[in-house]
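1. just coords:
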């Protein structure tokens, strides 16, 4: 028996601990072999997103011309609420934060962002993005997701550890300390929404 999940996590490590090996030529050859199996084996977006996407891709009915079946919130696969995740991807705010490659993959499955309702004729048209607190939460959640997907939930995040995440609108990766963020978020847990608590619980945060 081979622990393939842990093996892949080791291969995705960066720096000296990279499971591809220290020899550059050998590492390049191994990366090419993995890419031949799955071009997204080391995708730049969170593996949690990739896992949900792959389930959707497998559900596409090729005999019906590549049509994705209707999946309502509450429909689960291996414990994940696939319908809820799909509905979140369709939200305009979530869709706008996806990388172009992620949008292309969803579009190929027939997934489109939801259209915003037209405002009333007399209502002023305003555009309001996520609050600063929401942005901080999403950045911390993305950093914690990367840590959990690489290291698992058994090992707590050191407070001094930093993660690089991709943020929409930023040209360079943003540095986030998920250990510090989890501690700060715990002190403000009474202000978190049920959806935020659920996101944290799915990453193994016990107090959530």
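-> The structure has been received and is ready for your questions. A quick note: this is a predicted structure, and the numbers were derived from the prediction, not measured.

2. from here on, just use CA atoms for contacts and neighbour counts.
-> Fine.

3. how near is residue 171 to residue 107?
-> Residue 171 sits 24 Å away from residue 107, going by C-alpha to C-alpha, to the nearest Å.

4. from the chain's centre, how far out does the longest helix seen in the chain sit?
-> Ranked by number of residues, the top helix in the chain under DSSP state H is helix 132-151. Distance of helix 132-151 from the chain centroid (C-alpha atoms, centre = their mean, to the nearest Å) equals 9 Å.

5. got the buried residues for the next helix or strand along the chain from that helix?
-> Once the chain leaves helix 132-151, the next helix or strand it forms, by DSSP states H and E, is strand 163-165. Using 16 or more other C-alpha atoms under 10 Å as the test for burial, strand 163-165 gives 163, 165.

6. mean confidence score for strand 163-165?
-> Averaging pLDDT along strand 163-165 gives 87.

7. helices along this structure, start to end?
-> Under the criterion DSSP H, the chain contains helices at 4-12, 24-37, 47-59, 82-90, 92-97, 100-108, 132-151, 178-187, 194-202.

8. now render these as TSV, adding mean pLDDT and mean neighbour count.
-> Formatted as TSV, these follow (pLDDT from 0 to 100; neighbours: other C-alpha atoms under 10 Å):
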stretch	mean pLDDT	mean neighbour count
helix 4-12	85	15
helix 24-37	89	13
helix 47-59	88	15
helix 82-90	90	18
helix 92-97	88	15
helix 100-108	91	14
helix 132-151	87	18
helix 178-187	90	16
helix 194-202	88	14
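
9. which of these sits closest to residue 208?
-> helix 194-202 (5.2 Å; C-alpha to C-alpha).

10. show residues contacting the closest one.
-> 141, 207-208 (C-alpha atoms under 8 Å, 6 or more residues apart in numbering).

11. redo that, cut-off 10 Å
-> 80, 134, 137-138, 141, 144-145, 153, 182, 189-193, 205-208 (C-alpha atoms under 10 Å, 6 or more residues apart in numbering).

12. now do the domain split for the chain, please.
-> 4-37, 47-108, 132-202 (automatic domain parsing).

13. run the chain-centre distance for the last one.
-> Put plainly, it is domain 132-202. Its chain's C-alpha centre and that of domain 132-202 lie 12 Å apart, by C-alpha atoms, centre = their mean.

14. use 423 as the first number for this chain going forward.
-> All right, first residue 423 from here; so that's domain 554-624.

15. endpoints of that domain, how far apart?
-> Using C-alpha to C-alpha, the end-to-end distance of domain 554-624 comes to 23 Å.

16. what do you get for stretch 579-591?
-> 27 Å.

17. identify the residues contacting it?
-> Contacts for stretch 579-591 (C-alpha under 10 Å, 6+ apart): 466-468, 518-521, 557, 560-562, 564-566, 568-570, 573, 594-605.

18. angle of the longest helix of the chain against helix 616-624?
-> Interaxial angle, helix 554-573 versus helix 616-624 (axes from the mean of the first three to the mean of the last three C-alpha atoms, to 10 degrees): 20 degrees.

19. show me what helix 554-573 packs onto, helices and strands only.
-> Where contact means 3 or more C-alpha pairs under 10 Å, 6 or more residues apart in numbering; DSSP states H and E, helix 554-573 is packed against helix 426-434, helix 469-481, strand 585-587, strand 596-598, helix 600-609, helix 616-624.
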